[in-house]
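Novice: Structure, please.
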Amino acid sequence: MLFRARSICFTLLPYAALMATLLLTSSHVACAEDSEVRNVWPERPPGKLVELPPEADTTTDSSNKVAGRRLIRLGNVSTPQIEIFQPAPDKANGASVVICPGGGHHILAYDLEGTEVAEWLNTLGVTGIVLKYRVPAQDPKQRWIEAVQDAQRAMSLVRANAEKLKLDPNRIGICGFSAGGETAALTSLFLDDRKYEAIDEIDAVSCRPNFSLLIYPAYLADKDTGALQEYIHVSAETPPAFFVHAYDDGVTPLSSLVLATEMKKAGASAEVHMYSKGGHGYGLRPTELPITHWPVPCAAWLKQLGVLEKKNP
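Specialist: Residues are numbered from 1 along each chain as shown. You can find the predicted model right below:
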């Protein structure tokens, strides 16, 4: 079953005029063009084949809302796909970001941490590519493995098709929220250490992100010691990263803090935004808390990094 979220205009609620000015860099709100969906794998994904019920939105009338709005909780994903949201042609700058929604490796918060993020990136001229990775996780010892395999393949798939998509192969980033933040971080940290056997010419293309946006990433710190997970290794080659976390996040801000600290030690580059309050799972939806203004410094960081420069791919 193919699940498609309806593409909508990304609109900002009036929580700050500064937000609108800096975030949109225009007096008009941009709308995503019609999206394009592609399968990540040519046939079935690597690993054990697990029969799941049909893919479906598991949100019910009693489910929690975010910023007063319903969200899509997409479950039983067995066919990984990317959904490509291109900005308006006159605004496109050639950069792109693969987006990994969160959901604890149980479901995917597909609109909150996926399509809404793509539509925001479109306002910056960046192509947003939402990754629908496999959930629920099948390996209790490596809950991230299927997600990272799908993310690595998606990175190679986008880079291999960069010319057709009018993208710069040297400005392809990755973004993730919560469990998707873990997925994005590990994809950046494993670099070209592919977690599956190459199957075709797509896998001959690098799966290395050029930068990462890690928004309240989860599970990177050991829950008992608070140290970085033992299988995570940081080097000077780790791509630059932008972190957002709340100090009161119940999914522990140590994931951001310890990873950023190790990046500093290794000589890699990072920018960390730690807010006193905010909890977990807010996405880009505006609330009364300052943490939901995080897209403003994020856009500034992307600009400083050179991601937002308009270039002909």
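
Novice: Determine the longest helix present in this protein.
Specialist: If you go by DSSP state H, the chain has its longest helix at helix 145-160.

Novice: what mean pLDDT does it have?
Specialist: Mean pLDDT, helix 145-160: 98.

Novice: Next: stretch 247-264.
Specialist: What stretch 247-264 shows for mean pLDDT is 97.

Novice: Tell me the buried residues in that stretch?
Specialist: Buried residues in stretch 247-264, counted by 16 or more other CB atoms under 10 Å: 249, 251-260, 262-263. From N, CA and C alone the C-beta is placed, and that goes for glycine too.

Novice: Going by distance to residue 197, which of the residues you listed wins?
Specialist: Residue 197 lies nearest to residue 259 out of the buried residues of stretch 247-264, by CB to CB, at 27.9 Å.

Novice: Counting by contacts, list what the longest helix of the chain packs against.
Specialist: strand 81-85, strand 96-100, strand 127-132, strand 172-177, helix 179-190 (3 or more CB pairs under 8 Å, 6 or more residues apart in numbering; DSSP states H and E).

Novice: Including mean pLDDT and mean neighbour count, could these go into CSV?
Specialist: Listed next are the helices and strands packed on helix 145-160 as CSV, based on pLDDT from 0 to 100; neighbours: other CB atoms under 10 Å:
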stretch, mean pLDDT, mean neighbour count
strand 81-85, 98, 23
strand 96-100, 98, 31
strand 127-132, 98, 28
strand 172-177, 98, 30
helix 179-190, 98, 28
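
Novice: quick one, what contacts residue 82?
Specialist: 37-38, 40, 98, 129-132, 154, 157-158 (CB atoms under 8 Å, 6 or more residues apart in numbering).

Novice: mind redoing it with 10 Å?
Specialist: Neighbouring residues of residue 82 by CB atoms under 10 Å, 6 or more residues apart in numbering: 35-40, 98-99, 129-133, 150, 153-154, 157-158, 161.

Novice: Could you count how many residues lie near residue 311?
Specialist: A count of nearby residues for residue 311, using other CB atoms under 10 Å, gives 11.

Novice: And for residue 235, nearest residue in space, chain neighbours not counted?
Specialist: Nearest non-adjacent residue to residue 235, counting by CB to CB, 6 or more residues apart in numbering: residue 266, 5.3 Å away.

Novice: how many neighbours does residue 276 have?
Specialist: Neighbours of residue 276 (other CB under 10 Å): 10.

Novice: For it, grab phi and psi.
Specialist: With angles defined as degrees, to the nearest 10, residue 276 sits at phi -70, psi -40.

Novice: Identify the residues contacting the nearest residue to it once chain neighbours are set aside.
Specialist: Closest residue to residue 276 apart from its sequence neighbours, by CB to CB, 6+ apart: residue 247 at 5.2 Å. Counting by CB under 10 Å, 6+ apart, residue 247 touches 253, 257, 274-278, 291.
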